[in-house]
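Enquirer: Predicted model follows, preceded by the sequence.
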Amino acid sequence: MYSIELEDKAVKAMKSLDRQISYIIYRWIEKNLSGCENPRLHGKALTGNKKSFWRYRVGAYRLIATIDSKSMIIFISDVAHRREVYDR
């Protein structure tokens with residue numbers, strides 16, 4: 001079962017969001033990713049220069065993450081609105 005780690009950039013982004021949106025995102029992470037058997041079922045692999053990353057869609061927001069299959073950890077590196085997340 002996979003565990004979740006938020007990187008500093010993601011924590012900072014979550015703090016800058018509206019409290020209600022942050023709550024919705026945290027609940028989605030707990031429900032869908034924390035303790036799941038296969039996190040790839042809930043996301044989509046990115047292409048191009050972000051080939052090693054996965055994205056998770058939570059309403060109008062996106063979580064950008066890497067999945068370490070050996071240690072079974074999902075590293076969430078960024079959280080942002082869909083129009084901004086890929087420009088960072």
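Expert: Received it, and whenever you're ready, just let me know what you need.
Enquirer: which other residues reach whichever strand or helix holds residue 14?
Expert: Secondary-structure assignment from DSSP states H and E places residue 14 in helix 8-16. Applying C-beta atoms under 8 Å, 6 or more residues apart in numbering, the external contacts of helix 8-16 come out as 6, 22, 25-26, 63, 76-80. For every residue, glycine as well, the C-beta is placed using N, CA and C.
Enquirer: cutoff 7 Å now
Expert: By C-beta atoms under 7 Å, 6 or more residues apart in numbering, the residues outside helix 8-16 that reach it are 22, 25, 76-80.
Enquirer: Which PyMOL command selects the buried ones in the residues you listed?
Expert: Selecting only the buried members of the contacts of helix 8-16 in PyMOL, with burial defined as 16 or more other C-beta atoms under 10 Å, works like this:
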select buried, resi 22+25+76+77+78+79+80
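Enquirer: Just the ones of the contacts of helix 8-16 in strands?
Expert: Secondary structure defined by DSSP state E assigns 76-80 of the contacts of helix 8-16 to strands.
Enquirer: Output those residues as TSV; include the columns distance to residue 87 and pLDDT.
Expert: Compiled in TSV, these are given as follows (distance: C-beta to C-beta, whole Å; pLDDT from 0 to 100):
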residue	distance to residue 87	pLDDT
76	18	97
77	14	96
78	11	95
79	14	96
80	9	95
